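**Q** Give me the fold of what follows.
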Amino acid sequence: ALVSLTLTGPGLPARLRRPASSSGGRTGSDLCLGSRDRLGTSLMSSSGDRAFGDRAVLQTTGHHSTCRYRKQVYRATVRDHADVAVIGAGFSGLAAGLEFEDAGLSVVVLEARDRVGGRVLSVELENGELAELGAEWIMPEDEVLQATIDRLGLSASEAGVDYLRREPRGRVAVPMAELDAFLEAADAHLASSNATGSSMGSMLDAVPGDDRARVVAKARLQGTFACDLDHVAWRAGWHAGRVAAEPAVYRRMARGNQSIADAAARLLPDVRLGRRATSVIERRDRVGIGAGDDRIDADAVVVAVPVRLVTELAFDPPLPSEQREAFERLPMGVASKLALPLGGEPGRCAIQCADLPFWFWVADGDDGRPRRVVTSFAGSELPQEALATASGDPREWVRRIVELAPELRPNGSAVMKVWGHDALSRGAYSAWDHPSVARRPQFERMHGAIAFAGEHTAGDHSGTMEGALRSGKRAASQVLELLGHA
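**A** So this is what the prediction gives:
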């Protein structure tokens with residue numbers, strides 16, 4: 001059942017329980033709600049934005065339109081005690097929850113938003129097409145993600161475009177062959193370098209080759225890191241060999257990436273939405289979590305929230321100073337996404353703006369035909385200013401896309417998500433500088449009976465859905481060992 005709602009504030013139910021059989025014999029896990037938000041011009045224009053942070057601006061021609069994101073109604077067995085509590089129902093928190101469920105432990109998952117999935121956000125546009133406003137691409141090497149998809153009985157389909165092979169367009173664009181040659185030279189140069197303490201920007205500046213191609217390559221990579229490359233730590237053995245755009249097959253979920261989170265949550269007996277944890281207090285081998293009117297006592301806790309939110313929790317005893325410093329000082333990348341409905345039968349494309357760190361694509365749906373939507377990603381501060389994302393008005397971004405790709409035919413209102421303005425993420429994903437690389441062990445370190453998960457704790461897999469899942473499984477294994485269930 002799809003229900004249209006207008007959300008004006010944080011007035012959603014504190015706990016979403018499985019309804020009785022009065023709903024035509026269907027259980028809560030069978031019901032599906034769609035929300036339809038009518039929005040103002042600012043991403044932070046209502047108390048609901050501050051509470052849940054999931055508003056998307058929908059504007060192209062001066063009027064506001066609507067899209068839908070689908071939210072499952074999950075079971076919530078009301079209990080005050082559990083073996084384990086998980087704070088956060090993004091991919092990392094859900095992965096941890098499934099590990100505890102598999103081990104036969106009782107688990108409560110607390111989520112501040114009115115949906116699960118965290119920085120994965122699938123929406124349905126006004127023309128009926130799916131679009132991803134959060135994490136999107138399933139990489140060829142994503143083993144844990146693929147295993148999770150298989151376990152949940154879901155399917156992913158080939159996107160039909162290559163995530164890395166993007167046609168440069170714009171004032172300083174170069175032919176694809178010239179860009180490929182520079183990227184191959186960059187990989188060779190970086191692989192042979194023993195430099196330490198350098199930034200990704202300075203390492204790319206030292207690569208011999210065509211300066212025009214260098215500009216385009218840096219635009220692509222700055223968008224990917226969502227951070228000025230001069231602030232991104234060069235890491236030998238991690239970045240080397242990963243710059244060149246080798247052809248590969250990339251996939252997306254047939255029913256949207258959010259379907260992974262929804263399916264995982266349906267396997268858990270107690271997922272509470274609209275419940276933001278505020279305190280984590282450990283006393284006498286017990287951990288108490290305060291979340292609004294709820295207080296949950298558990299033997300152990302997994303904190304699986306974005307890095308900017310970790311130290312907003314009141315820990316007692318306090319986090320060690322070096323661990324708190326690690327969480328507080330890890331830079332967060334800045335990124336926004338836009339999805340624009342298209343008319344006609346658009347062709348597949350993957351286009352990199354050569355002048356700014358943003359790109360856009362038209363890719364296949366599960367039927368093997370291009371979806372009638374162009375999606376765009378802008379990473380780092382530079383394109384946020386040029387595309388005026390802070391204004392809440394996507395028209396400048398749309399104008400840039402159409403200018404670069406006049407063959408596309410917009411047919412509807414754009415949807416824009418500015419992750420830096422999301423109160424429950426405060427950015428896109430971690431962007432590692434050298435001090436944070438040195439502090440990396442602190443992110444995986446337990447604090448008493450409290451483990452930490454999230455893409456920022458995933459090391460070389462940070463910033464990805466794969467990394468989030470891996471981190472949840474790792475945090476769960478730490479807790480299971482602590483509780484004698486390893």
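**Q** which stretch of helix or strand covers the residue nearest to Asp294 when sequence neighbours are not counted?
**A** Nearest residue to Asp294, sequence neighbours excluded (C-beta to C-beta, 6 or more residues apart in numbering): Arg275, at 5.9 Å. For the C-beta atoms, the positions are set from N, CA and C on the backbone; glycine is no exception. Following DSSP states H and E, one finds Arg275 outside all helices and strands.
**Q** ok, Arg275 touching Val109?
**A** No. Arg275 lies out of contact with Val109 (C-beta atoms under 8 Å); the separation is 9.3 Å.
**Q** And the two? Which one has more around it.
**A** Neighbour count, other C-beta atoms under 10 Å: between Arg275 and Val109, Val109 has more, with 30 against 24.
**Q** Looking at the protein, which helix is longest?
**A** Using DSSP state H to define each element, the chain has its longest helix at helix 465-482.
**Q** buried set for it?
**A** Neighbour counts over helix 465-482 (16 or more other C-beta atoms under 10 Å) mark 465-480, 482 as buried.
**Q** got a list of what the residue nearest to Asp316 when sequence neighbours are not counted touches?
**A** Nearest-residue entry for Asp316: Ile281, 4.4 Å, with adjacent residues in sequence omitted and distances by C-beta to C-beta, 6+ apart. Taking C-beta atoms under 8 Å, 6 or more residues apart in numbering, we find Ile281 in contact with Val287, Gly288, Ile289, Gly290, Ala314, Phe315, Asp316.
**Q** and Ile281, that one's in a helix?
**A** No. Assignment of Ile281 by DSSP: H, G, I helix; E, B strand; the rest coil gives strand, placing it outside any helix.
**Q** Next one: it from Ala476, what distance?
**A** Applying C-beta to C-beta, to the nearest Å, the value for Ile281 to Ala476 is 21 Å.
**Q** One more: Leu408?
**A** Leu408 sits 44 Å away from Ala476, going by C-beta to C-beta.
**Q** And for Glu381?
**A** Distance check for Glu381 against Ala476: by C-beta to C-beta, it reads 35 Å.
**Q** What is the least confident helix or strand in the protein?
**A** strand 32-36 (a mean of 25; mean pLDDT, DSSP states H and E).
**Q** Neighbours of Asp102, how many?
**A** Asp102 has 12 neighbours, counted by other C-beta under 10 Å.
**Q** now do Thr278
**A** Using other C-beta under 10 Å, Thr278 has 14 other residues around it.
**Q** hang on, isn't it packed against Leu313?
**A** Yes. Between Thr278 and Leu313 there is a contact under C-beta under 8 Å: 6.8 Å.
**Q** and the longest strand seen in the chain with strand 279-283, angle?
**A** If you go by DSSP state E, the chain has its longest strand at strand 294-303. Counting by axes from the mean of the first three to the mean of the last three C-alpha atoms, to 10 degrees, strand 294-303 lies at 90 degrees to strand 279-283.
**Q** For the closest residue to Lys473 other than its chain neighbours, identify the helix or strand it belongs to.
**A** Nearest non-adjacent residue to Lys473, counting by C-beta to C-beta, 6+ apart: Ala95, 5.4 Å away. Following DSSP H and E, one finds Ala95 within helix 91-102.
**Q** now the angle from that helix to strand 294-303?
**A** With the same axes, to 10 degrees applied, the angle from helix 91-102 to strand 294-303 works out at 100 degrees.
**Q** Now helix 91-102: buried residues?
**A** For helix 91-102, burial by neighbour count (16+ other C-beta under 10 Å) applies to Phe91, Ser92, Gly93, Leu94, Ala95, Ala96, Gly97, Leu98, Glu99, Phe100, Glu101.
**Q** Throw those residues into CSV and include distance to Pro168, thanks.
**A** Putting the buried residues of helix 91-102 into CSV (distance: C-beta to C-beta, whole Å) gives the following:
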residue, distance to Pro168
Phe91, 32
Ser92, 35
Gly93, 39
Leu94, 38
Ala95, 37
Ala96, 41
Gly97, 43
Leu98, 42
Glu99, 43
Phe100, 47
Glu101, 47
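**Q** For my notes, confirm Gln323 occurs in a strand.
**A** No. Assessed with three-state DSSP, Gln323 is helix; it does not lie in a strand.
**Q** number of nearby residues for the residue nearest to it when sequence neighbours are not counted?
**A** Of all residues not flanking Gln323 in the chain, Gln442 sits nearest, at 4.6 Å (C-beta to C-beta, 6+ apart). Gln442 has 19 neighbours, counted by other C-beta under 10 Å.
**Q** wouldn't the residue nearest to Lys473 be in contact with Leu469 here?
**A** Yes. Counting by C-beta under 8 Å, Leu469 is a contact partner of Ala95 at 4.6 Å.
**Q** For the stretch 351-486 of the chain, which segments are assigned as helices?
**A** Applying DSSP state H, counting those that start in this stretch to the stretch 351-486 of the chain gives helices spanning 381-386, 395-404, 434-438, 440-444, 465-482.
**Q** Sorry, slip of the keys, the one I care about is the stretch 101-250 of the chain.
**A** According to DSSP H, counting those that start in this stretch, the helices that the stretch 101-250 of the chain contains are 143-151, 176-191, 200-205, 211-225.
**Q** Who are the packing partners of the second one?
**A** Other elements packing on helix 176-191 under the criterion 3 or more C-beta pairs under 8 Å, 6 or more residues apart in numbering; DSSP states H and E are strand 167-169, helix 200-205, helix 211-225.
**Q** Mind giving me the packing neighbours of the first one?
**A** If I follow you right, that is strand 167-169. The contact analysis (3+ C-beta pairs under 8 Å, 6+ apart) places strand 167-169 against helix 176-191, strand 349-353.
**Q** Now for Glu282: which residues touch it?
**A** Contacts of Glu282 (C-beta under 8 Å, 6+ apart): Gly288, Asp316, Pro317, Gly448, Ala449, Ile450.
**Q** again, but for Ser477
**A** Taking C-beta under 8 Å, 6+ apart as the test, what Ser477 contacts is Glu99, Ala486.
**Q** how near is it to Ala95?
**A** Separation of Ser477 from Ala95 (C-beta to C-beta): 11 Å.
**Q** Point out where the stretch 51-200 of the chain drops to low pLDDT.
**A** Low-confidence segments of the stretch 51-200 of the chain (pLDDT under 70): 51-79.
**Q** sorry, back to before: quick check: angle from the helix holding Ala95 to helix 143-151?
**A** Going by the same axes, to 10 degrees, helix 91-102 makes 60 degrees with helix 143-151.
**Q** Taking their axis directions, helix 91-102 and helix 465-482 sit at what angle?
**A** Using the same axes, to 10 degrees: helix 91-102 against helix 465-482 is 40 degrees.
**Q** For helix 91-102, what is the distance to the chain centroid?
**A** On the basis of C-alpha atoms, centre = their mean, to the nearest Å, helix 91-102 is displaced by 17 Å from the centre of the chain it belongs to.
**Q** So which elements touch that helix?
**A** For helix 91-102, the packing partners by 3+ C-beta pairs under 8 Å, 6+ apart come out as strand 81-87, strand 107-110, helix 258-266, helix 465-482.
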